[in-house]
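A.B. asks: Quick one: sequence plus predicted model below, questions after.
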Amino acid sequence: MASYLYYLVPAVGGYALTSLYFLKNPHILHKKKQTAFLCTHISHRGGCGERIENTMEAFTHAVEVGTEMLELDCHLTKDGHVIVSHDENLLRQTGHDVTISSLNLEELPSYKETLEVTFKTGHYSTGTDKNFALLEDVFRKFPHMAVNIEVKENNSALIEKISDLVKKYNREGISVWASVESSIMASCRKMNSSMPYMFTLKRGLQLLLLYYTGILPFVPLGESFLQFYLPQIFNRTYIPDSWILRNSLVIYLIERLTLRKGMFKHLKDRGIQIHLFVCNEEEDIEAAFAAGATGVMSDYPTLLSNYIQRHRHAT
């Protein structure tokens, strides 16, 4: 046994030191990614705490108060229009139990007068605009604004139409593929590989495994953005549906495992941006930047803008 340890200990020690060296100096092995934009201010669903989510009024307001990226979700109508909407079923947003894919554009109902802010329980937003927005209208009105496009369904027609619109408006450098599902992301990447893209849930878990095993410094990464929940919002501003995420010990472990400054610095040194969400209180915004986030996503763009202006040096 002692003879094995004689070789094992130096080998493990050498590996650990080598991994740590390249973790702190990734430029030796990897060319730094160059994205077309760097954003610290991201508006979730267009800033749905201050205006009705995903409406042109919400997007306009967010841009006016200083957002640098609009986050939105897309679905396809029966007659082939790309609609900006978080949900495919419209019950929560409109009170009508119908799906976007079952309706033509002119048949879409209006938003409710007020909507609860998903990530700030008990708080509601309203606005004068109750109409669903077209993705093309967003692109047309904000030609230079970065847009994070989350795709929730593996629908080739939807993905193709999104890609076509991105190409039509020459936005491939400032439009980002986002999805939790790796299979959907694969379809998005196959349709348009020129757009930067996010880590999926599976890839995020792989990233953590690579980091904790010391392999991360040696592995190439195609993604340009890492985006995930700030754990401390759970069971405070946001009450999750999953029972396991209502356990304080689980949230504590997630926080300890994911908010790693060493990993974040390594990713940033490789040109990968880190966005934490959904931060709807100043203490959460502060915690996200303190953890090493390059950008923060909020439902309250004015709150986020005011924080950034007061703490510009730190952010």
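C.D. replies: Okay, I see it.
A.B. asks: now stretch 220-236: mean pLDDT?
C.D. replies: Stretch 220-236 carries an average pLDDT of 98.
A.B. asks: can you pull the buried residues of that stretch?
C.D. replies: 221, 223-234 (16 or more other Cβ atoms under 10 Å). From N, CA and C alone the C-beta is placed, and that goes for glycine too.
A.B. asks: Equivalent analysis for stretch 139-146, please.
C.D. replies: By neighbour count with 16+ other Cβ under 10 Å, stretch 139-146 contains the buried residues 139, 142, 145-146.
A.B. asks: and if you look at stretch 115-126?
C.D. replies: By 16+ other Cβ under 10 Å, the buried positions in stretch 115-126 come out as 115, 117-120, 125.
A.B. asks: ditto for stretch 198-209
C.D. replies: Within stretch 198-209, the residues scored as buried using 16+ other Cβ under 10 Å are 198-200, 203-204, 207.
A.B. asks: same question, stretch 10-20
C.D. replies: Across stretch 10-20, burial judged by 16+ other Cβ under 10 Å covers Ser19.
A.B. asks: Please work out the average pLDDT along the host helix or strand of Ser305.
C.D. replies: Assessed by DSSP states H and E, Ser305 sits inside helix 301-310. Mean pLDDT, helix 301-310: 97.
A.B. asks: which residues sit against that helix?
C.D. replies: With contacts defined as Cβ atoms under 8 Å, 6 or more residues apart in numbering, helix 301-310 is touched by 40-41, 43, 47, 49-50, 61-62, 65-67, 279-280, 282, 285-286, 296, 298, 315.
A.B. asks: Buried only: go through those residues for me.
C.D. replies: 40-41, 43, 47, 49-50, 61-62, 65-67, 279-280, 285-286, 296, 298, 315.
A.B. asks: Let's verify Val63: helix, strand, or coil?
C.D. replies: Under DSSP: H, G, I helix; E, B strand; the rest coil, the three-state class of Val63 is helix.
A.B. asks: quick one: it and Phe142 touch, right?
C.D. replies: Yes - contact criterion Cβ atoms under 8 Å: Val63 and Phe142 qualify, at 6.1 Å.
A.B. asks: Give the buried residues for the helix holding Ser305.
C.D. replies: 301-305, 307-308.
A.B. asks: Report how many residues lie close to Glu57.
C.D. replies: Neighbour count of Glu57, defined by other Cβ atoms under 10 Å: 19.
A.B. asks: quick one: whichever helix or strand it is part of to helix 301-310, angle?
C.D. replies: Element membership of Glu57, judged by DSSP H and E, is helix 56-64. Relative orientation of helix 56-64 versus helix 301-310 (axes from the mean of the first three to the mean of the last three Cα atoms, to 10 degrees): 0 degrees.
A.B. asks: Following the chain past helix 56-64, name the next helix or strand.
C.D. replies: Remark: after helix 56-64, the chain's next helix or strand is strand 69-76, criterion DSSP H and E.
A.B. asks: Quick check: neighbours of that following strand in the sheet, parallel or antiparallel?
C.D. replies: Neighbouring strands of strand 69-76 in its sheet, by DSSP bridges, are strand 41-43 (parallel), strand 82-84 (antiparallel), strand 146-151 (parallel).
A.B. asks: quick one, phi psi at the residue lying closest to Val166 once chain neighbours are set aside?
C.D. replies: Among residues not flanking Val166 along the chain, Ser175 sits closest, at 4.7 Å (Cβ to Cβ, 6 or more residues apart in numbering). Phi and psi for Ser175, reported as degrees, to the nearest 10, are phi -120, psi 130.
A.B. asks: Which strand residues bridge Ser175?
C.D. replies: Listed beta-bridge partners, Ser175: Val147 (assigned using DSSP bridges).
A.B. asks: Count the neighbours of it for me.
C.D. replies: Residue crowding around Ser175 was assessed by other Cβ under 10 Å; the count is 25.
A.B. asks: who touches Leu226 in this structure?
C.D. replies: Here Leu226 is in contact with 198-199, 204, 207, 267, 272-275 (Cβ under 8 Å, 6+ apart).
A.B. asks: so of the residues you listed, which ones are in helices?
C.D. replies: 204, 207, 267 (DSSP state H).
A.B. asks: Strands of the chain, start to end?
C.D. replies: Remark: strands assigned in the chain by DSSP state E are 41-43, 69-76, 82-84, 114-116, 124-126, 133-134, 146-151, 175-178, 225-229, 273-277, 295-298.
A.B. asks: Rebuild those strands as a markdown table, extending it with distance to Gly214.
C.D. replies: Formatted as a markdown table, the strands of the chain follow (distance: least, Cβ to Cβ, whole Å):
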| stretch | distance to Gly214 |
| --- | --- |
| strand 41-43 | 31 |
| strand 69-76 | 33 |
| strand 82-84 | 42 |
| strand 114-116 | 44 |
| strand 124-126 | 45 |
| strand 133-134 | 46 |
| strand 146-151 | 31 |
| strand 175-178 | 28 |
| strand 225-229 | 19 |
| strand 273-277 | 20 |
| strand 295-298 | 27 |
